[in-house]
Structures are given as C-alpha cells and as structure tokens.
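Student: Show me the folded form of this:
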Amino acid sequence: MPEVYGNTIDEKTRCVHYHSAEDIIAIRFRCCDKYYPCYRCHNDKEDHAIIPWEKEKYDEHAILCGVCNREHTISEYMNTGRCLQCGSEFNEGCKLHHHIYFEENG
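Tutor: Numbers count the residues shown, from 1 in each chain. From the prediction side, this is the model:
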C-alpha cells in the first residue's frame, strides 16, 4: 500500500478533518506526489500550493481506496461512487472539493 501522509486516524485513510464511514479514500497530490486523505491534511503538512490534476492526466492512478488499497485512475473515480474492487462506497460530499484536486475547465 502506498504511504498515506497527513493526520490519519485509522488504517482506512480517515483523517481528523473527514472521518465518516464513507471517508475512505486518499488522493495522490500532483504537486508533491504524496497521498493525503484531504486537502486540509495536505495544507497542514506541506509548504506549497496544491496543483490540480489536468484533464489530460485523468488516466493516472491517483485515488486510493482505504478499505482494499486499490488505486483508481482519476477517470475511474470520477465515474463511480464506489471502489471498483471491493465495492465500498465513497463519500458523495467529496465532489464539493473536486475543483481543488482536479482541473474542471479548459
């Protein structure tokens, strides 16, 4: 399993900021190539700005399921609400933050 940085509270990648039953993913940040549970964990630990993934890189593995450790491409993640391996549901509320992680226009 890739290392997950940040303020995690369990082995399923939940963190002090987001820890509901569905908060089970970590995102590989393009800017530093590290997995963090959320943008707030990233900002707590890093001294650089977040750089969103460009659309042409949506085939990169950048989403980690904290339940089974399967890495998903950004496209896979954006097109489903659950892990493609174990079926665990991802938090729908994460979509509110997609603009932080992923390029949406252009």
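
Student: From here on, just use CA atoms for contacts and neighbour counts.
Tutor: Fine.

Student: tell me the phi and psi of the spatially most central residue of the chain?
Tutor: Residue closest to the average C-alpha location in the chain (CA atoms, centre = their mean): residue 27, at 2.4 Å. The main-chain torsion angles of residue 27 are listed as degrees, to the nearest 10 and equal phi -110, psi 130.

Student: Same question for residue 101.
Tutor: Here residue 101 shows phi and psi, under degrees, to the nearest 10, equal to phi -90, psi -30.

Student: going forward, begin numbering at 30 instead of 1
Tutor: Will do, 30 is the new start, and the previous item becomes residue 130.

Student: Distance check, it against residue 115.
Tutor: As for residue 130, its distance to residue 115 is 24 Å (criterion: CA to CA, to the nearest Å).

Student: more crowded one of these two?
Tutor: Summary of the neighbour comparison: residue 130 and residue 115, criterion other CA atoms under 10 Å, with residue 130 having more neighbours (20 against 12).

Student: Verify the stated contact: that one with residue 80.
Tutor: Yes - at 7.2 Å, residue 130 and residue 80 qualify as touching, with contact defined as CA atoms under 8 Å.

Student: Mutual contacts of these two, please.
Tutor: Common contacts of residue 130 and residue 80 (CA atoms under 8 Å, 6 or more residues apart in numbering): residue 58.

Student: Average pLDDT for the longest helix belonging to the chain, rounded please.
Tutor: Selection of the longest helix in the chain by residue count, based on DSSP state H, yields helix 68-74. When pLDDT is averaged over helix 68-74, the result is 97.

Student: Other residues contacting that helix?
Tutor: 34-36, 44, 46, 65, 78-79, 129-130.

Student: Would you mind listing the buried residues in it?
Tutor: Counting neighbours by 16 or more other CA atoms under 10 Å, one finds that the buried residues in helix 68-74 are 68-71.

Student: Just name the closest of the residues you listed to residue 101, please.
Tutor: Relative to residue 101, the closest of those is residue 68; by CA to CA it sits at 18.1 Å.
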